[in-house]
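>>> give me the fold of what follows.
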Amino acid sequence: MMPTTCFILGAGLGTRLRPLTKSLPKPLLPMGGRPLVSYALDHCLTVGAERFIVNTHYLAAAYDAAFPDRLWRGKPIIFRHEPILLDTAGGLKNIEDLLVERESLLVYNGDILSDMPLSRLLAAHREKGREVTLVLRSRGANRNVSLDNQDRICDIRDILGNPGVRNCLFTGIYIVERRFFHRLTSGNAESIILPLVEMIRQKPGAVASVVIDEGIWEDVGNLEAYLRIAPSVPPLNYEKP
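Down below sits the predicted model:
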C-alpha cells in the first residue's frame, strides 16, 4: 500500500537554532513568509498525501496558532503531543494507533526544504518491497550511510564498523510499512537509526534505499543554514501531483 498519510517530525527542541527558537518551534520559523514546515507539507502533497500527522513537544501551542483550523490546503492535520520527547523512533511508535492495518507512512523531518521527485521514492519502495526505504543523496557533508558493492545499505554512522564501498547522506525522508512498528517500543525515546541498524545487522539489505540527487535538498536545522536560506528561499520545482 502506498502512503497517503505523512508523518512530519516537529517535536524537537531546536537548540541549534537558538535564539530564534526561544518563541517558536523550529518547523514554525518563518521561511519566505510562511512556516518552514509548510514546505514539507506541500512536498508530501505531490505524491498524494491525504492527511498529515505532526508530533509536538516544545512550544506545542504554537502549532494551534499557526494552523487554527488544523488543515493544510484542505487536508487534515492531526497533532500528536509528546509530554516527554521521544526522538524519531519513539515518535513513530507514539502514532501507531492513528494508522489503519497495513497502512504505510511517509516520514519527513520538519526542518527540510526540498523539491526532490518523491515519485522515485514510491517507485523504489514498491519495487524493493522492504519494511523501510530511505531517500539518500550522494552529495553533502554528513554522508554516514554506507552502501556495499551491491548498492545495499550495510551500515549507518559506522555503528557496525562496515565502511562499504561508498557513502551517502540520509535526507530524513523515508517510507515505513506498518509491520516495521513491531520493532519499536512504546514510550522509548530512541533514534530511528538504532532499529534500522539492527535490521541491517540481522540481514544485510533489509533496509532499502534510493539515491535521489535531482532537485533541492536543504537541512535548515541550524542557525547558519537558516540565516543563509531564509532571506531568499530558492524556487522549488515540485512534481505535478
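
>>> okay, CA-based contacts and neighbour counts for the rest of this
OK.

>>> Leu184: neighbour count?
18 (other Cα atoms under 10 Å).

>>> isn't it right up against Lys93?
Yes - between Leu184 and Lys93 there is a contact under Cα atoms under 8 Å: 6.2 Å.

>>> distance from stretch 111-118 to the middle of the chain?
From the chain centre to the centre of stretch 111-118 is a distance of 10 Å (Cα atoms, centre = their mean, to the nearest Å).

>>> just the residues contacting it, thanks.
10, 26-27, 36-37, 39-40, 43, 46-47, 172, 212-221, 236-239 (Cα atoms under 8 Å, 6 or more residues apart in numbering).

>>> who touches Pro3 in this structure?
Here Pro3 is in contact with 48-49, 103-106, 175 (Cα under 8 Å, 6+ apart).

>>> just say helix, strand or coil for it.
Three-state call for Pro3 (DSSP: H, G, I helix; E, B strand; the rest coil): coil.

>>> roughly how far does it sit from Arg126?
11 Å (Cα to Cα, to the nearest Å).

>>> which residue is nearest the centroid of the chain?
Tyr108 (2.3 Å; Cα atoms, centre = their mean).

>>> how far does the helix or strand that it is a member of sit from its chain's centre?
Counting by DSSP states H and E, the element that carries Tyr108 is strand 105-109. With Cα atoms, centre = their mean as the basis, strand 105-109 stands 4 Å off its chain's centre.

>>> which residues touch the spatially most distant residue from the centre of the chain?
Ranked by distance from the centre of the chain (Cα atoms, centre = their mean), the top residue is Asn149, with 26.4 Å. Contact analysis of Asn149 by Cα under 8 Å, 6+ apart lists 164-165.

>>> can you rerun that using 7 Å?
Residues near Asn149 by Cα atoms under 7 Å, 6 or more residues apart in numbering: Val165.

>>> from Val165, how far out is it?
On the measure of Cα to Cα, Asn149 and Val165 end up 6 Å apart.

>>> one step back: just the buried members of the contacts of Pro3?
Buried members of those, counted by 16 or more other Cα atoms under 10 Å: 49, 103-106, 175.

>>> hang on, Ile200 packs against Arg152?
No - with contact defined as Cα atoms under 7 Å, Ile200 does not reach Arg152; the gap is 9.6 Å.

>>> re earlier: from the contacts of stretch 111-118, which land in strands?
Among these, the members falling in strands are 172, 217-219 (criterion: DSSP state E).

>>> quick one, which of these are buried?
Buried among the ones in strands among the contacts of stretch 111-118 by 16+ other Cα under 10 Å: 172, 217, 219.

>>> mind jotting down where the helices sit in the protein?
Under the criterion DSSP state H, the chain contains helices at 37-45, 61-66, 87-93, 119-128, 193-202, 223-229.

>>> redo those as a markdown table? Include distance to Arg16.
Output for those, formatted as a markdown table (distance: least, Cα to Cα, whole Å):
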| stretch | distance to Arg16 |
| --- | --- |
| helix 37-45 | 17 |
| helix 61-66 | 19 |
| helix 87-93 | 16 |
| helix 119-128 | 29 |
| helix 193-202 | 20 |
| helix 223-229 | 6 |
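
>>> how about the ones you listed, which one is nearest Leu20?
helix 223-229 (8.2 Å; Cα to Cα).

>>> may I have that closest one as CSV, with CA atoms only?
Extracted in CSV, the C-alpha atoms of helix 223-229 (Å, rounded to 0.1, in the frame of the first residue of the first chain):
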residue,chain,number,x,y,z
LEU,A,223,21.4,28.8,12.6
GLU,A,224,23.9,29.1,9.8
ALA,A,225,21.7,27.3,7.3
TYR,A,226,18.6,29.2,8.3
LEU,A,227,20.3,32.6,8.0
ARG,A,228,21.6,31.6,4.6
ILE,A,229,18.4,30.3,3.2
